[in-house]
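**Student:** Would you be able to build a 3D model of this:
(one chain, ligands or ions: 1)
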Amino acid sequence: MNTCENYSTSSIQIFIIICSHLTPWDLLSLLKTCHKFHDYLYSTISSTTQLIWKTSRLNTIFFPKIPPPSGLNEREYCCILMIEKGCQFCGRKGSRDVRIYWTFRVRSCWDCLMNRTICIESGNEIPEYASGLPFTKFRLNGMYGSEYMVFWADSIKRSKNEFDNLSKIERFEWLKNSKQKAKEIEIDTIYREELDQKLYDLTLYHKKCQIFLYYELLASESNSNGKLLYNRYLLDICPFLNEVMLLPNHLFAQIDYDRWKNKMLEEYRIIEMERRIIPKRYNQIKERLVYSPLYKRPAIYWIPYCPSYKSPPYHNNDARIPWDDKFLDKVLVPTIMKEAILCVKQAEDAVFVLKLIEDILCMRIKSVRDALMYELGCEDIYIELDIKTVRNFLKTCSNHWFWHGIYPYKLPDDLAIVLANRRLIWWN
Ligand SMILES: [Zn+2]
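**Tutor:** Take a look at the predicted model:
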């Protein structure tokens with residue numbers, strides 16, 4: 001390699017072999033890791049460098065197989081194709097208005113393109129020096145607005161300089177050559193734009209096929225008895241199955257079967273736990289609960305709020321291990337029922353306390369100002385609070401509190417003393 005004469009042939013050969021297995025995205029990352037790799041991969045004159053990028057491009061499904069357009073080397077070509085890197089000028093990513101403009105050989109967002117181009121309305125005169133430049137056409141003011149010829153501003157400047165320094169006879173030949181080149185670029189652009197669309201469709205198709213293959217592989221995995229390990233219905237509802245298709249190409253290219261499977265199984269196990277395993281354990285509890293001597297109203301209404309029911313003690317913290325009947329009858333079910341009975345007691349106390357609060361507050365609240373002081377009112381909307389409103393408010397809040405145990409407003413001090421005197425130990 002021309003730029004790296006101080007490295008032994010063998011180390012360069014090893015480097016080339018490694019690079020032949022990497023994607024252009026990997027090469028770009030590698031290029032930034034150290035000076036040595038930068039020299040290997042950035043050279044514009046080394047044919048080996050060009051070969052490395054070309055091999056990588058041809059081996060990566062998401063890159064076109066046709067050679068770069070004139071004026072771009074293999075590395076520059078690959079970099080322009082990396083649409084997921086966003087606008088090459090401002091770096092804006094993920095926006096649908098970032099496109100490759102093959103006429104100008106740039107990957108740009110609309111704003112950056114407009115900042116770097118000169119637009120001349122069709123029909124208007126083009127300066128002679130610009131008449132041999134490639135341009136693209138846009139309607140800048142909607143579908144029915146005028147058509148504009150869009151030129152790359154730097155090219156116009158360079159063209160003018162060159163043109164001014166030529167004699168009249170030289171200008172004729174110069175313009176002829178420029179027009180010929182522009183024509184070639186125009187044909188090339190049409191070809192590449194069509195190809196970009198095809199490549200986009202092909203990319204999507206390739207992604208679908210790959211994921212379909214992975215899916216079938218996973219769904220057909222079985223244990224030593226030939227029993228399938230995973231349920232297709234649960235696999236189908238794993239979010240990653242669809243999310244993986246939305247990954248940008250450079251990230252999708254990193255997904256091999258093992259990575260895909262690990263991520264899928266992570267979600268699969270959570271879904272399996274929620275939809276299959278935990279309901280099974282609850283069925284176990286429910287079946288034994290009805291035989292409990294304590295299973296009576298109103299305690300049964302409080303069962304869903306009992307801590308031991310909400311998060312029951314699984315063997316080894318693993319919900320997949322079923323409980324035996326002895327544990328259910330002697331430990332878990334009696335604990336849940338005891339907690340439910342305590343809830344009934346707390347609910348009765350709560351009814352008493354809330355009646356007390358209601359009476360005291362209704363006596364006190366006379367105006368909106370008072371209401372705000374007790375944090376009952378709303379600061380944004382003016383509400384004329386009367387006793388009836390207060391009662392309704394308390395009813396809503398107390399229902400909420402009654403069911404969830406979350407006290408909705410700050411207690412007045414004298415009320416707290418009343419409560420303390422009643423010695424409700426569970427009250428904080
Ligand atoms: Zn931009």
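
**Student:** Poorly predicted segments of this protein, please.
**Tutor:** Counting by pLDDT under 70, the chain contains low-confidence ranges at 1-9, 95, 350, 357-428.

**Student:** again, 80 this time
**Tutor:** Within the chain, the stretches with pLDDT under 80 are 1-11, 94-96, 142-143, 294, 296-297, 345-428.

**Student:** For it, which residues are neighbours of the ion?
**Tutor:** Counting by CB under 5 Å from the ion, the positions of the chain adjacent to the ion are Cys87, Phe89, Cys90, Arg92, Cys109, Cys112. Placement of C-beta: from N, CA and C, glycine included.

**Student:** hang on, the fifth one packs against Ile100?
**Tutor:** No: with contacts counted by CB atoms under 8 Å, Cys109 stays clear of Ile100, the gap being 11.5 Å.

**Student:** residues in contact with whichever strand or helix holds Arg107?
**Tutor:** For Arg107, the enclosing helix or strand under DSSP states H and E is strand 106-108. Among residues not part of strand 106-108, those counted as contacts by CB atoms under 8 Å, 6 or more residues apart in numbering are 79-83, 85-89, 98-101, 113, 116.

**Student:** In helices, which of the residues of the chain next to the ion appear?
**Tutor:** In this view, these that belong to helices under DSSP state H are Cys112.

**Student:** Kindly write the ChimeraX command that selects the buried subset of the residues of the chain next to the ion.
**Tutor:** Here is the ChimeraX selection string for the buried members of the residues of the chain next to the ion, based on 16 or more other CB atoms under 10 Å:
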select :87,109,112
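
**Student:** Could you dump the residues of the chain next to the ion into a markdown table and include distance to Pro134?
**Tutor:** Output for these, formatted as a markdown table (distance: CB to CB, whole Å):
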| residue | distance to Pro134 |
| --- | --- |
| Cys87 | 20 |
| Phe89 | 19 |
| Cys90 | 23 |
| Arg92 | 25 |
| Cys109 | 20 |
| Cys112 | 18 |
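
**Student:** Look up phi and psi at Arg99.
**Tutor:** Here the main-chain torsion angles of Arg99 (degrees, to the nearest 10) amount to phi -140, psi 160.

**Student:** and the gap between it and the ion?
**Tutor:** From Arg99 across to the ion, the span is 11 Å (CB to the ion, to the nearest Å).

**Student:** Next: Met264.
**Tutor:** Applying CB to the ion, the value for Met264 to the ion is 36 Å.

**Student:** ok, and what's touching the host helix or strand of that residue?
**Tutor:** Following DSSP H and E, the helix or strand that holds Met264 is helix 257-272. In this structure, residues lying in contact with helix 257-272 by CB under 8 Å, 6+ apart are 211, 214, 217-218, 230-231, 234-235, 237-241, 244.

**Student:** what does stretch 324-333 give?
**Tutor:** Contacts made with stretch 324-333 from outside it, assessed by CB under 8 Å, 6+ apart, are listed as Gln284, Ile285, Arg288, Leu289, Tyr291, Ser292, Ser308, Pro312, Pro313, Trp323.

**Student:** I'd like the next helix or strand past whatever helix or strand the first one lives in.
**Tutor:** Think Gln284. Following DSSP H and E, one finds Gln284 within helix 278-289. The helix or strand immediately downstream of helix 278-289 is helix 307-310, counting by DSSP H and E.

**Student:** list the buried ones in that following helix?
**Tutor:** Burial within helix 307-310, assessed by neighbour count using 16+ other CB under 10 Å, is assigned to Ser308, Tyr309.

**Student:** likewise stretch 26-39?
**Tutor:** By 16+ other CB under 10 Å, the buried positions in stretch 26-39 come out as Asp26, Leu27, Leu28, Leu30, Phe37, Asp39.

**Student:** quick revisit: now do the helix holding Met264: distance to the chain's middle.
**Tutor:** Once both centres are worked out by CA atoms, centre = their mean, to the nearest Å, helix 257-272 turns out to sit 17 Å from its chain's centre.

**Student:** ok, now stretch 189-203?
**Tutor:** For stretch 189-203, the distance from its own C-alpha centre to the chain's C-alpha centre is 26 Å (CA atoms, centre = their mean).

**Student:** Please apply the same query to stretch 331-339.
**Tutor:** In terms of CA atoms, centre = their mean, the gap separating the centre of stretch 331-339 from the centre of its chain is 44 Å.

**Student:** ok, the residue of the stretch 251-400 of the chain found nearest the ion - how many residues close by?
**Tutor:** Closest approach of the stretch 251-400 of the chain to the ion (CB to the ion) occurs at Leu251, with a separation of 21.6 Å. Using other CB atoms under 10 Å, the number of residues around Leu251 comes to 12.

**Student:** For it, list the residues it contacts.
**Tutor:** Residues touching Leu251, when contacts are defined by CB under 8 Å, 6+ apart, comprise Glu84.

**Student:** Figure out the helix or strand that it lives in.
**Tutor:** Using DSSP H and E, the element containing Leu251 is helix 249-252.

**Student:** List the contacts of the residue of the chain most remote from its centre.
**Tutor:** Summary for the chain: using CA atoms, centre = their mean, the residue whose C-alpha lies farthest from the chain's mean C-alpha position is Ile169, with a distance of 60.3 Å. With CB under 8 Å, 6+ apart as the criterion, no residue contacts Ile169.

**Student:** next one: Pro248
**Tutor:** By CB under 8 Å, 6+ apart, Pro248 lies in contact with Glu84.

**Student:** quick one, phi/psi of it?
**Tutor:** Pro248 adopts backbone torsions of phi -60, psi 150, taken as degrees, to the nearest 10.

**Student:** ok, how many other residues are close to Val333?
**Tutor:** Here the number of neighbours of Val333 (other CB under 10 Å) works out to 25.

**Student:** what do you get for Ile271?
**Tutor:** If we define neighbours as other CB under 10 Å, then Ile271 has 16 of them.

**Student:** mind checking how far it is from Leu247?
**Tutor:** Spatial separation of Ile271 from Leu247 under the definition CB to CB, to the nearest Å is 21 Å.

**Student:** per the record, what domains does this structure have?
**Tutor:** Per automatic domain parsing, the structural domains of the chain span 1-81, 167-289, 327-421.

**Student:** would JSON lines of those with distance to Phe138 be doable?
**Tutor:** JSON lines is the format used below for the domains of the chain (distance: least, CB to CB, whole Å):
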{"stretch": "domain 1-81", "distance to Phe138": "20"}
{"stretch": "domain 167-289", "distance to Phe138": "14"}
{"stretch": "domain 327-421", "distance to Phe138": "48"}
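
**Student:** Out of those domains, flag the one nearest Pro134.
**Tutor:** Evaluated over the domains of the chain, closeness to Pro134 peaks at domain 167-289, with 4.2 Å, by CB to CB.
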